[in-house]
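A.B. asks: The sequence isn't on hand, but the structure is:
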Ligand SMILES: Cc1cc2nc3c(=O)[nH]c(=O)nc-3n(C[C@H](O)[C@H](O)[C@H](O)COP(=O)(O)OP(=O)(O)OC[C@H]3O[C@@H](n4cnc5c(N)ncnc54)[C@H](O)[C@@H]3O)c2cc1C
């Protein structure tokens with residue numbers, strides 16, 4: 001039987017990224033994927049007539065520019081175009097719009113509060129400072145603070161130096177920021193409820209936490225620290241949907257000689273004498289390799305695919321306790337035309353923005369209360385976009401695709417599996433929420449795909465459908481992600497590595513976990529590094 005240099009398990013965008021950098025270094029690599037399509041949560045699916053749905057992730061910002069360049073993703077068809085602003089519709093018929101243009105943004109905020117409009121500049125500068133601090137560590141391995149290895153000590157000194165250079169006040173602020181709630185953070189700047197509600201959404205997307213939960217200020221950062229063409233904080237649409245990201249990385253992998261196998265689900269990662277020798281597929285085939293790189297989440301990798309006997313009990317326990325809770329759902333809709341939102345002026349640029357339908361901090365928190373009660377939010381926070389306004393490739397002429405990301409949606413309803421009636425009721429709550437502000441919307445719906453965390457788990461294998469492969473709280477970040485002592489992409493099994501979103505720097509369509517893992521593997525195999533350095537563009 002042939003022995004590969006490496007098997008990568010899972011053709012999501014991180015698995016493909018790791019595979020591409022390994023193949024570029026001359027390794028003989030096969031990437032195996034359980035589905036009959038690639039992309040994992042960065043995918044475009046043809047689920048209704050001529051529509052292409054970004055049916056999991058829907059907007060792009062976090063993808064590291066260094067990786068985009070190193071893999072020449074433009075040559076493999078990736079194009080990301082920025083979109084602008086956001087709008088929050090209000091129960092009283094008004095709306096709050098957020099714009100890229102500073103003058104317009106100031107005037108709009110001042111319509112609600114001169115104080116808030118003046119505070120926005122400081123808020124932006126402070127938040128951006130935190131972004132720039134963390135951006136520098138995305139494309140590097142988190143140092144282990146207990147280690148005396150030169151690479152760990154060097155990186156710790158670098159981080160310490162950056163931290164010290166902030167100045168005394170900002171050091172205090174940084175530590176507070178990483179542990180406080182998004183509600184407390186916003187209270188320090190703003191007084192207007194709808195403005196706080198509009199900004200707080202980024203603190204809870206993808207998490208099983210509420211706006212008052214400690215740690216959610218950091219989650220907000222996770223949504224601001226990306227960029228499109230160097231504009232930090234901007235988001236964009238991948239032309240053709242989010243599958244274009246994965247497709248382009250797969251293109252780079254195959255151009256480097258890599259082999260891609262779909263419908264090749266892994267049942268077991270084979271371990272002999274503490275070392276992996278390959279994988280056993282669900283169909284009974286075995287593939288051997290010197291190293292196995294898992295892009296599955298940490299629970300699926302170690303609790304489902306590795307024999308418990310092969311793992312230290314303390315490690316196994318930590319993995320069991322890793323927080324990876326389902327909290328988000330999705331409703332993807334094919335539309336016969338563009339819905340109108342009468343609160344907006346005709347031709348408003350806000351049609352190109354993301355749209356929200358909750359206008360107070362109390363409503364934001366109550367949406368979380370429903371999740372804690374074991375059900376979906378009856379007054380949900382919806383992050384809605386219509387990418388086809390700027391990308392005509394995803395739907396026929398004159399028609400549209402609408403993506404609704406929904407917070408909150410539990411993995412189980414009151415502790416048991418979802419029924420199809422409950423799934424429909426969840427979808428209806430989202431559609432009703434939007435209809436409250438768009439009277440013609442319902443009449444334009446041609447098809448809707450309703451996805452609960454249970455559906456997401458069934459389809460792409462992410463435990464509980466948690467979009468980040470694990471909560472982004474301080475106890476699960478940097479050298480704690482996924483487990484202290486194993487945050488450098490290696491595992492207790494010799495030759496078995498992790499490269500999915502459960503490892504530093506976490507979830508989102510960023511490709512950094514995959515690239516960081518490849519760098520460590522190449523170092524262990526004493527091969528030249530193909531993974532780019534951080535640009536240091538900040
Ligand atoms: C609903 C939703 C909305 C999101 N929205 C956004 C967004 O707009 N922007 C953003 O940046 N991020 C978003 N995210 C997060 C982001 O998409 C994910 O964090 C990221 O795509 C995960 O990538 P990954 O490669 O680490 O893992 P995955 O994409 O989960 O890939 C893992 C792969 O492994 C495969 N697999 C699983 N088990 C096996 C097995 N046994 N054998 C073989 N293959 C297996 C899966 O099929 C999958 O292809 C969203 C995620 C979801 C779910």
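C.D. replies: That came in fine, so what should we check first? Treat the numbers as computed from the prediction; the structure is a model and nothing was measured.
A.B. asks: Around the ligand, pick out the residues from the chain.
C.D. replies: Counting by CB under 6 Å from any ligand atom, the chain comes close to the ligand at 9-15, 32-35, 40-42, 56-59, 62, 265-266, 295-296, 300, 328, 330, 405, 456, 460-462, 467-469, 500-501, 507-509. In short, each C-beta sits where N, CA and C put it, glycine included.
A.B. asks: Give me the subset of these lying in strands.
C.D. replies: Using DSSP state E, the subset of the residues of the chain next to the ligand located in strands is 9, 32, 266, 328, 330, 405.
A.B. asks: Reformat these as JSON lines; add neighbour count and pLDDT.
C.D. replies: Shown next, in JSON lines, are those (neighbours: other CB atoms under 10 Å; pLDDT from 0 to 100):
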{"residue": "9", "neighbour count": "27", "pLDDT": "99"}
{"residue": "32", "neighbour count": "24", "pLDDT": "99"}
{"residue": "266", "neighbour count": "26", "pLDDT": "98"}
{"residue": "328", "neighbour count": "26", "pLDDT": "98"}
{"residue": "330", "neighbour count": "27", "pLDDT": "98"}
{"residue": "405", "neighbour count": "26", "pLDDT": "98"}
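A.B. asks: So the closest residue to residue 40 other than its chain neighbours versus residue 153, what's the distance?
C.D. replies: Excluding its sequence neighbours, the residue lying closest to residue 40 (CB to CB, 6 or more residues apart in numbering) is residue 12, at 2.5 Å. According to CB to CB, to the nearest Å, residue 12 and residue 153 sit 33 Å apart.
A.B. asks: Compare those two (neighbour count), which wins?
C.D. replies: Using other CB atoms under 10 Å as the criterion, residue 12 and residue 153 rank with residue 12 on top: 31 against 14.
A.B. asks: Now, the residues of the chain next to the ligand that are in helices?
C.D. replies: Within these, residues falling in helices by DSSP state H are 13-15, 456, 460.
A.B. asks: Including pLDDT and neighbour count, could these go into JSON lines?
C.D. replies: Output for these, formatted as JSON lines (pLDDT from 0 to 100; neighbours: other CB atoms under 10 Å):
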{"residue": "13", "pLDDT": "98", "neighbour count": "34"}
{"residue": "14", "pLDDT": "98", "neighbour count": "35"}
{"residue": "15", "pLDDT": "99", "neighbour count": "30"}
{"residue": "456", "pLDDT": "98", "neighbour count": "24"}
{"residue": "460", "pLDDT": "96", "neighbour count": "21"}
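A.B. asks: if we take these, which one ends up nearest to residue 432?
C.D. replies: Closest approach to residue 432 among those (CB to CB): residue 456, at 22.3 Å.
A.B. asks: any idea what sits nearest that closest one, other than its immediate chain neighbours?
C.D. replies: Nearest non-adjacent residue to residue 456 (CB to CB, 6+ apart): residue 465, at 3.2 Å.
A.B. asks: which residues does the one you found contact?
C.D. replies: Counting by CB atoms under 8 Å, 6 or more residues apart in numbering, residue 465 makes contact with 326, 328, 411, 452-457.
A.B. asks: And residue 396, how far from the ligand?
C.D. replies: Going from residue 396 to the ligand by CB to the nearest ligand atom, to the nearest Å gives 23 Å.
A.B. asks: and the helix or strand residue 248 falls within, what other elements does it pack with?
C.D. replies: For residue 248, the enclosing helix or strand under DSSP states H and E is helix 243-255. Under the contact definition 3 or more CB pairs under 8 Å, 6 or more residues apart in numbering; DSSP states H and E, helix 243-255 sits against helix 13-24, strand 259-261.
A.B. asks: how many neighbours does whichever residue of the stretch 351-500 of the chain sits closest to the ligand have?
C.D. replies: The nearest approach of the stretch 351-500 of the chain to the ligand comes at residue 461, 3.0 Å away (CB to the nearest ligand atom). Neighbour count of residue 461, defined by other CB under 10 Å: 23.
A.B. asks: Now do the same for it: its pLDDT.
C.D. replies: pLDDT recorded at residue 461 is 97.
A.B. asks: Surely it and residue 301 touch.
C.D. replies: No. Applying CB atoms under 8 Å as the test, residue 461 and residue 301 come out as separate, 10.2 Å apart.
A.B. asks: so which helix or strand takes in the nearest residue to residue 408 once chain neighbours are set aside?
C.D. replies: Nearest residue to residue 408, sequence neighbours excluded (CB to CB, 6+ apart): residue 371, at 3.6 Å. Per DSSP H and E: residue 371 is located in helix 361-372.
A.B. asks: still on that earlier bit, contacts for the helix holding residue 248?
C.D. replies: 11-13, 16-17, 19-20, 23-24, 29, 31, 38-40, 42-45, 52, 54, 60, 63, 71-73, 75-79, 238, 260, 509, 511.
A.B. asks: biggest helix in this structure, by residue count?
C.D. replies: Criterion DSSP H: the longest helix present in the chain is helix 114-135.
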